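Q: Give me coordinates for this.
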Amino acid sequence: MPPSNPALTARLSDAYQHHQPWLQGWFRRRLGDAAQAEDLSQDAFIRLLRAPRLPVAEEVRALLTTIAKGLLIDHYRHDALEKAYLAELAQQPEALSPSPEQRAEALQYLIAIDRLLDGLSLKARTAFLLSRIDKLTHAEIAAQLQVSASRVRQYLAQALLQLYQLDDAFGTPT
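A: Prediction:
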């Protein structure tokens, strides 16, 4: 939502004009892809627009740098996730290969799950992964994390609640 305050609008416009070329170049040097750099620089300014307050002019570049680093980390994580997913798909027989639309949807869902897991505490994330991937019992997870079994149940409940909300957002069954 664009700001309704003319002074704020002018400050945002000024920040964009002064810092967008620099930020786009910053991304281009790191990614080697002008189109991707342009997309990420736009994403950075959208996040700046959504910030609780617009920093003073002297702080804009520092905040944009912080935002850009986070976007770059997300970009690399998503890229690695996509490569792993595509490598796994390449191992499947051609007859079982999903359509391009199904692949894109699955990739979006995997990225959302990655964000969900990243948002959990380390112990909650570890408990969830040990439960779902390694099929450990609550007692085994508790021993490994050095917490009580009831705490493991709380961690799993946190993760599952987030996962159910994610499923609702994607319209997929759990």
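Q: Next secondary structure after the helix or strand encompassing Ile46?
A: Per DSSP states H and E: Ile46 is located in helix 34-50. Once helix 34-50 ends, the next helix or strand along the chain (criterion: DSSP H and E) is helix 60-90.
Q: How far does the helix or strand that that next one is followed by sit from its chain's centre?
A: Counting by DSSP H and E, the next helix or strand C-terminal to helix 60-90 is helix 100-119. Mean C-alpha position of helix 100-119 versus that of the full chain (C-alpha atoms, centre = their mean, to the nearest Å) differs by 9 Å.
Q: What residues sit buried inside helix 100-119?
A: Using 16 or more other C-beta atoms under 10 Å as the test for burial, helix 100-119 gives 111, 116-117. Backbone N, C-alpha and C define where each C-beta goes, glycine included.
Q: And the pLDDT at the closest residue to Trp26 other than its chain neighbours?
A: Distances taken as C-beta to C-beta, 6 or more residues apart in numbering place Ala68 nearest to Trp26, at 6.1 Å, with adjacent residues excluded. Listed pLDDT for Ala68 reads 95.
Q: Against Arg28, how distant is Ala68?
A: From Ala68 across to Arg28, the span is 12 Å (C-beta to C-beta, to the nearest Å).
Q: And the pLDDT at the residue most central in space within the chain?
A: Nearest residue to the geometric centre of the chain (C-alpha atoms, centre = their mean): Arg115, 4.4 Å. If you check Arg115, the pLDDT there is 85.
Q: again with Leu110
A: 87.
Q: need the contact list for the residue nearest to it when sequence neighbours are not counted.
A: Nearest non-adjacent residue to Leu110, counting by C-beta to C-beta, 6+ apart: Leu81, 5.6 Å away. Leu81 sits next to 107, 110-111, 114 when contact means C-beta atoms under 8 Å, 6 or more residues apart in numbering.
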